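Q: Here is a sequence together with a model predicted from it:
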Amino acid sequence: MDQAEVGLRLEASISGLASRAPAVSVRRLLTRGQRRLLLVLAALVVAGLIVDLDDTAMALGVLVTLAYVVCAVYRIRLFVRSTGSHVSEVVTDEEARAVPDDQLPTYSVLVPAYREAEVVQHLVANLRRLEYPLDRLEVLLLVEEDDTETIAAVGDEDPGPQFHLVVVPPAEPRTKPKALNFGLTMARGELVAVYDAEDEPDPLQLRRAAVALRRLGPDVGCLQAKLSYSNPDQNLITRWFTIEYAMWFNFFLPGLASIGAPIPLGGTSNHFRRAVLRSMGGWDPYNVTEDADLGIRMAREGYAVKVLESVTMEEANSDFVNWVKQRSRWYKGYLQTLLVHLRSPRELRRDLGWRGCVHFCVFVGGTPFLAVLNPLFWLMTALWFLVHPAFIERIFPAPVYYLGLACWAFGNVLLGYLTLVSCRIIRRGELLWAALLIPLYWVMMSLAAVKAVWQLVATPTFWEKTVHGLHLRPRSGTVPEATAPGVATGDGPPGQPRPAASRGEHGLDEGGEDLTAASIRVAARR
């Protein structure tokens, strides 16, 4: 692979989506029309506050309260729907192993990596456990060229013939989706999976996904496996994070799937049809939650996303500062996704229909919306019960006041109760005491959401790196600073050149170039 080809692959990784469908690329966050609309709305609010402070504040209070109630009730509805039957795709161990090896589709596993040297050994061990024929499997470990520590750590491993090191040339944006796009240009498999560096996937997950996708047919473009955490007992934050993921992947996402709503994907354990992924332009390298955005774009293109009953264990973020960095990036990405898909509401309605548009706005927009507004409502509630200020009575007329009070009293209590139920349903009774303290976790979410709004304005495409492997370190109370805006999770393999495995009839190498670690590494260097 010569330098010209490397350049073309890199250009496709950065500009592929923006060239194919600029209307859904975050390369430019706001269109001219969106900027004008926001300025007009801001001017109207300011003018209203100047002309009639009380009536304008009351109108805003009514709108915000109604939106808050809708978002909260919607989540309760998703929880109820998720308890029904057939909300996720189940493939038993027997069904997964019953398919002869030569009838399985070829599979490419993409693992983006940036500064993940500490988890390389665990990564390789975890992916080796995947029960899939080696002549139909390739694992592409995507490592940034300047990440010498991870490359060196990979050199100490002997991962096996299915692993291949792909060195991603340095170029902006330094993000996980750009690395994934670069890997996608080299992927050979009929199916493509994405894992993070700290992941411990169910060994049968690839087989389960292959069987489920064959059974579901071409209208399903992606399967999202469930995620959970392997270190819930590390501290209180990891316990809260585990409870939250239990609700998200066991109830909210299956609930969305059960009503045919667009599903914002998680950042790992996604299983795609490669042809579908390539036809859509891959991931948006400028969106900091490229997974959520891709799920919405798949819905707009007419592809369904289903939830696979298979669990990947991850590392729960155990450090407060590291957690806020990660969560603020997620919220910022949800806001990016909301803004980019609302550029043309008419086209969004055409693609998703009215119901799909409502599902999208209430869930994707409501997630950061609730987190940002919670502190405001908590503060006003505390003020009302403590000092009964007159301005709150003017802002919230009696019907709205009682609606808001009901939402606060019953909504929050019910969400807390659902948190307890989640612990019971996933059979993690040891987390019940942490669930009782979950309101403190909601405060953390609000801090991250406020930071996300600020960053959306100041640094809209900046990627804050999440440090992994904290559970493997002695508890020092500090987290190393990730100085580059770089790629997210994952990791890479052989430090010494090794020949590509013989793939045999219908194998991955048939009809294409040799994907040895050495050839890719040398070709990718500038």
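A: Structure received.

Q: did I read that right, Val166 in a helix?
A: No. Counting by DSSP: H, G, I helix; E, B strand; the rest coil, Val166 is not found in a helix; it is strand.

Q: Glu144 is in contact with that one, correct?
A: No. Applying CB atoms under 8 Å as the test, Val166 and Glu144 come out as separate, 10.3 Å apart. (C-beta placed from N, C-alpha, C; glycine too.)

Q: more neighbours, these two?
A: Using other CB atoms under 10 Å, the more surrounded residue of Val166 and Glu144 is Val166, with 27 against 24.

Q: and the more buried one, what are its bridge partners?
A: Beta-bridge partners of Val166, counted by DSSP bridges, are Leu142.

Q: Would you state the predicted confidence (pLDDT) at it?
A: Here the pLDDT value assigned to Val166 is 90.

Q: how near is it to Leu383?
A: 56 Å (CB to CB, to the nearest Å).

Q: Now Pro254: closest residue in space that isn't a chain neighbour?
A: Val87 (3.9 Å; CB to CB, 6 or more residues apart in numbering).

Q: which residues of the stretch 151-300 of the chain fall in helices?
A: 176-184, 205-216, 236-247, 253-258, 274-279, 290-300 (DSSP state H, counting those that start in this stretch).

Q: how close does the residue lying closest to Ala225 once chain neighbours are set aside sit to Val111?
A: Using CB to CB, 6+ apart and skipping the chain neighbours, the partner closest in space to Ala225 is Ser269 (3.7 Å). Distance, Ser269 to Val111, using CB to CB: 11 Å.

Q: just checking, next helix/strand downstream of the one helix or strand Phe391 maps to?
A: Phe391 is part of helix 390-395, with elements assigned from DSSP states H and E. Sequence-wise, the next helix or strand downstream of helix 390-395 (DSSP H and E) is helix 398-406.

Q: other SSEs contacting that next one?
A: If contacts are counted by 3 or more CB pairs under 8 Å, 6 or more residues apart in numbering; DSSP states H and E, helix 398-406 sits against helix 53-82.

Q: The helix it packs on: which residues count as buried?
A: Within helix 53-82, the residues that qualify as buried are 56-58, 61-62, 64-65, 67-69, 71-72, 74-75, 78-79, 81-82, counting by 16 or more other CB atoms under 10 Å.

Q: what angle separates that helix from helix 398-406?
A: 40 degrees (axes from the mean of the first three to the mean of the last three CA atoms, to 10 degrees).

Q: model confidence over the helix or strand following helix 53-82, on average?
A: Helices and strands here follow DSSP H and E; after helix 53-82, the next one along the chain is helix 93-98. On average, the pLDDT along helix 93-98 is 97.

Q: quick revisit: number of nearby residues for the residue nearest to Ala225?
A: Using other CB under 10 Å, Ser269 has 26 neighbouring residues.

Q: Wait, it touches Pro201, no?
A: Yes. Proximity of Ser269 to Pro201 meets the contact threshold set by CB under 8 Å, at 6.4 Å.

Q: what is in contact with the two at once?
A: 195, 225, 310, 312 (CB atoms under 8 Å, 6 or more residues apart in numbering).

Q: quick one: contacts for Phe241?
A: 229, 232, 316-317, 323.

Q: any idea how far Asp233 is from it?
A: 12 Å.

Q: what do you get for Gln224?
A: 26 Å.

Q: right, and Thr381 touches Trp408 too?
A: Yes. Counting by CB under 8 Å, Trp408 is a contact partner of Thr381 at 5.8 Å.
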